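1. everything below, folded, please.
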Amino acid sequence: MNCTGTLKRYYLAVRPQTNKIHPVHKEGCPFMPDDKNRIYLGTFQSEAEAGVEGRKYITKSCSCLFCAKEAVTAEKNLVTSQITDNCFPTESQLSLASENSFSCFLN
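-> Predicted coordinates:
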């Protein structure tokens, strides 16, 4: 985990996502492309550090949403208990739920 100071390996996807941005993945990410479709960036303590390195290769790059969420969740768990996190929906979960309800209403 990044909070403990351990280094992780990061990779930049050669192919962009549909939004034309190239994601930076942490080793172990289930969305990381295969070897021929990624660039090894090095070892870093945070997604932010890896993102800076990724932008040296491709300016339109940023952290993979899955990897970034994993880091934010781990940091949040240091501050709050796991029980509290699971009891209350996050703002984004509420937003998604209301959007899904709205789209169902329109259908």
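
2. do a quick rundown of the strands in this protein.
-> 8-13, 22-26, 38-44, 61-63 (DSSP state E).

3. highest average neighbour count across the ones you listed?
-> strand 22-26 (a mean of 25; mean count of other Cβ atoms under 10 Å). Backbone N, C-alpha and C define where each C-beta goes, glycine included.

4. just the angle between that one and strand 8-13, please?
-> Here the directions of strand 22-26 and strand 8-13 differ by 160 degrees (axes from the mean of the first three to the mean of the last three Cα atoms, to 10 degrees).

5. which neighbouring elements make contact with strand 22-26?
-> strand 8-13, helix 47-57, strand 61-63, helix 65-79 (3 or more Cβ pairs under 8 Å, 6 or more residues apart in numbering; DSSP states H and E).

6. partner strands of the first one, with direction?
-> To tie it back to what came earlier, the one meant is strand 8-13. Applying DSSP bridges, strand 8-13 is found paired with strand 22-26 (antiparallel), strand 38-44 (antiparallel).

7. any chance of those strands in TSV with distance to Y11 and mean pLDDT as columns?
-> Formatted as TSV, those follow (distance: least, Cβ to Cβ, whole Å; pLDDT from 0 to 100):
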stretch	distance to Y11	mean pLDDT
strand 22-26	5	94
strand 38-44	4	96
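
8. out of those strands, nearest to C67?
-> strand 22-26 (4.4 Å; Cβ to Cβ).

9. CA atoms only for the closest one - export them in PDB, please.
-> Provided in PDB are the C-alpha atoms of strand 22-26 (Å, rounded to 0.1, in the frame of the first residue of the first chain):
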ATOM      1  CA  HIS A  22      -3.900   7.000 -21.700                       C
ATOM      2  CA  PRO A  23      -4.300   5.400 -18.200                       C
ATOM      3  CA  VAL A  24      -1.400   4.800 -15.900                       C
ATOM      4  CA  HIS A  25      -1.900   1.400 -14.100                       C
ATOM      5  CA  LYS A  26      -0.400   0.000 -11.000                       C
END
